[in-house]
Each structure stands twice: as C-alpha cells, then as structure tokens.
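Asker: Provided below are the primary sequence and the corresponding predicted coordinates.
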Amino acid sequence: MKTDYGTLSQTINGLKAEGYTLDFNIQKDCIICHQTNTELSPDDFEIDAVFRFEGESNPDDEAVLYAISSTKDNSKGVLVNGYGISSDDASAALVQKLNRHL
C-alpha cells in the first residue's frame, strides 16, 4: 500500500484499486456498510492505514481516511470522516479505536 496518493479522491481511488472497495460509515457503536448490509463492531475490524487531509484554505475541508479490513467477513473498504469524531455519533470504543491510529 502506498503512503501518499495525493488528494482525498485520488487516495480513495488508489485504495479501491488495491481492494478497498466498500464504503463504511459510522453508526453509534459500529461501522456499517450499506452495500453489503453489514455492521462491524470495534473488535471486528482492523485499521490498515490512515490518511490525513488538511484543507489549505478552508478548515472544513479537513478529513481523515481510514483503510479498514475485517477478517469476520473478509471485507475491505474505506471510512472518511472529518476531524474530531463526536462521542454523540459513535461509542467510546469505536472512537478510541479510530483515534488510536491518528
């Protein structure tokens, strides 16, 4: 896996070419994939890589991209999130696992 692909969209495309084809989203105490209707708890996935993107002109453009894999169902995908994951939107265990890799 490369360590720098360029922009956020270039990195997503590069990771998809490397097999990270699913799109994950945070949902309270897990991450979910609407494409496969799966839910992964913090124990069900590993974070393979983290990419930070800082907006040069707009702080709202700051994002973190996680390359995630799971041996539970042999899935690989990406999770894009802004900085400062809120505990209102995710459980403490999920936030802790994601923040460990920042």
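Answerer: That came through, no problem.
Asker: When you work out contacts or count neighbours from here on, use the C-alpha atoms and nothing else.
Answerer: Fine.
Asker: looking at this, residue 77 is in a strand?
Answerer: Yes. Per DSSP: H, G, I helix; E, B strand; the rest coil, residue 77 lies within a strand segment.
Asker: Test my guess that it contacts residue 17.
Answerer: No. Between residue 77 and residue 17 there is no contact under C-alpha atoms under 8 Å: 10.9 Å.
Asker: dump the residue contacts of the residue most central in space within the chain.
Answerer: The centre of the chain sits closest to residue 79, judged by C-alpha atoms, centre = their mean, with a distance of 2.4 Å. For residue 79, the contact set (C-alpha atoms under 8 Å, 6 or more residues apart in numbering) comprises 23, 24, 25, 65, 66, 67, 68.
Asker: what does residue 19 give?
Answerer: 76, 77.
Asker: any idea how far it lies from residue 62?
Answerer: Distance, residue 19 to residue 62, by C-alpha to C-alpha, to the nearest Å: 25 Å.
Asker: Also residue 47?
Answerer: 19 Å.
Asker: which of the residues in the helix-or-strand element of the chain with minimal mean pLDDT are buried?
Answerer: The helix or strand of the chain with the poorest confidence is helix 92-99; it has a mean of 74 (mean pLDDT, DSSP states H and E). Neighbour-count burial for helix 92-99 flags 94, 95, 98 (criterion: 16 or more other C-alpha atoms under 10 Å).
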